[in-house]
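>>> Okay, here's the prediction I keep looking at, along with the sequence it came from:
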Amino acid sequence: MNNDPQKILDENPMSTMQFVAVAMCVLLNALDGFDVLSIAFSAPGITSDWGITRAALGIVLSMELIGMAFGAIVCGGLADKFGRRPLILGCLIVVGAGMLAAGMSTGVYSLSLFRLITGLGIGGLIASVNSLVAEYSNKRSKHTAVLFMAGGFPLGVIVGGMISSKLMVAYGWHSIFIFGGLATLACFVLSLFLLPESVGYLAAQRPLGALEKINKTLKRMNQPQIGQLPEIKATAAKQQKSYGLLFSREFRFVTLALVIAYFAHMMTHYFFLKWVPKIVVDMGYPPPLAGGVLVWVNIGGLAAAFLMGILAKKVPIRALVICALFLTAAGITFFGVYSKDISTLKVASTCAGFFAQASMVGIYALFAHVFPTKVRSSGTGLIMGLGRGGAVLGPIAGGILFTSGAGLGTVAMIMAAGSFVGGIAILFLKFPASEEAVAGNGKQQVA
């Protein structure tokens, strides 16, 4: 009899409950997409109301990204220690409160503080959700599920952008944050009922009542139950602390390469996401139309996530990520140099958004493939946390370049270099391809 609950889920067909749990994770990532980009949708209104400079706006645009960096690192480790589910529920409360508070802010300093708090919750939420999707899915569907989960981000921006454009016209930019806060708290209630704890986590960490909790979840998922907890092999790797393992001989190069790739691409990606609405307004178009262009960016991103999910079953994920990163650099350069009217802006934005999101979701899939259950949230959180430094740098660097007098074409070419560097980092990446490699047997394989 198989007593390893994670292997039971890995080897058996997925049940309806597993698909529901994965769908809930997609919804949570969609919520993250809206919450993160709500500041970009609001930026034209904030600038108009408060008269702040581009450089100051760049800092405001980056505040939740700073919070996301710390949240991903801290909460990723806590999720591996205390569980994915309680961290997700706690982070949803933080995000909801931060969004509601941002909607009531009266100045740049208070808005920046509330966006920082919101970012802390978002960072922890993304790291934990990414791990849950991988652990809910079977081996055959793991990459596809993670890629579809990542596709929730642009889906949230698309739907949220359409709603935001109407809210901006009817009630002003404050209403965008209020709506986001209420939607987040509604997702908290849904998560209470639809998100069980990871059985892989329960088997690895053995909290009080682990066996009963595992069997309760397996029963809900219509999977075979276990008679006893699986034996834990006392390997040197399993005795290491989560973050210590990430910098062990087997993982140090992997961790470094993924941090570089994620940092560099996030710099490019978030420069593009955060500045698109302001760029469009500065070309003379009204704020609602600017929000519409950002929606087109994410329509491209949503298409990319689903296409990556299909291609990942036939093409090595590393090859897909490398191509997407290089094409992101080309797409954003094209956007900056050739976008002269609203039609070209929409086409160029959609193409650039397609490749930028394809790169990001592909890197998420690499996280799920590289890291085993014991350190999956820690590894994902560490790389996302450190990499978010690039997301922070992107909007700020863009603001500084614009303020210095650089034109859109020049700024776009400089900022596009980040994705190119990311492609180089993944090009030379080799990583362990199995749980056995994590246990220290030294086998490695290029994905």
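Nice, thanks for sending it over.
>>> hey, let's count contacts and neighbours off CA atoms from now on
Fine.
>>> residue ranges with poor pLDDT in the stretch 151-300 of the chain?
For the stretch 151-300 of the chain, the stretches flagged by pLDDT under 70 are 232-251.
>>> switch the cut-off to 80
For the stretch 151-300 of the chain, the stretches flagged by pLDDT under 80 are 151, 161, 204-205, 231-255, 287-292, 294-295, 298.
>>> now do the stretch 301-447 of the chain
Within the stretch 301-447 of the chain, the ranges that satisfy pLDDT under 80 run 305-306, 309-310, 312-313, 365, 367-382, 384-388, 429-447.
>>> secondary structure element for P44?
Using DSSP states H and E, P44 maps to helix 16-50.
>>> sorry, that was for N222
Here N222 sits in a region with no helix or strand, counting by DSSP H and E.
>>> residues in contact with it?
By C-alpha atoms under 8 Å, 6 or more residues apart in numbering, the residues touching N222 are S15, M17.
>>> May I have the phi/psi pair for it?
phi 60, psi 40 (degrees, to the nearest 10).
>>> if I look at it, how far off is A204?
21 Å (C-alpha to C-alpha, to the nearest Å).
>>> before we move on, the earlier item: can you give me the buried ones in the helix holding P44?
Using 16 or more other C-alpha atoms under 10 Å as the test for burial, helix 16-50 gives 17-19, 21-46.
>>> Find the nearest non-adjacent residue to the most centrally placed residue in the chain, please.
Nearest residue to the geometric centre of the chain (C-alpha atoms, centre = their mean): I126, 5.4 Å. Excluding the flanking residues, the one nearest I126 by C-alpha to C-alpha, 6 or more residues apart in numbering is N29, at 6.9 Å.
>>> so what's the one you found up against?
I126, V129, M149, A150, G151, G152, F153, G156.
>>> Let's see which of these end up in helices.
I126, V129, M149, A150, G151, G152, F153, G156 (DSSP state H).
>>> Neighbours of the fifth one, how many?
When counting by other C-alpha atoms under 10 Å, one arrives at 30 neighbours for G151.
>>> how near is it to F354?
With distances taken as C-alpha to C-alpha, G151 is found 11 Å from F354.
>>> Check the fourth one too.
Using C-alpha to C-alpha, one gets 13 Å for the distance from A150 to F354.
>>> Looking at these two, which has the bigger crowd around it?
Looking at A150 and F354 with other C-alpha under 10 Å, you find the greater number of neighbours at A150, namely 33 against 27.
>>> Model confidence at that one, what's the number?
At A150, the model reports a pLDDT of 76.
>>> Cross-check the contact I'm expecting between it and Y364.
Yes - contact criterion C-alpha atoms under 8 Å: A150 and Y364 qualify, at 7.4 Å.
>>> What residues does C351 make contact with?
By C-alpha under 8 Å, 6+ apart, the residues touching C351 are V297, G300, G331.
>>> what does F188 give?
Applying C-alpha under 8 Å, 6+ apart to F188 gives the contacts L89, L92, I93.
>>> one more time with 7 Å
If you count contacts by C-alpha atoms under 7 Å, 6 or more residues apart in numbering, F188 has them with L89, L92.
>>> all helices for the stretch 251-400 of the chain, in order.
Using DSSP state H, counting those that start in this stretch, the helices of the stretch 251-400 of the chain run over 252-282, 287-311, 317-338, 342-370, 376-403.
>>> Can you give the contact residues for the third one?
For helix 317-338, the external contacting residues (C-alpha under 7 Å, 6+ apart) are 345, 348-349, 351-352, 355-356, 358-359, 362-363, 408-409, 412-413, 416-417, 419-420, 422-423, 426-427, 447.
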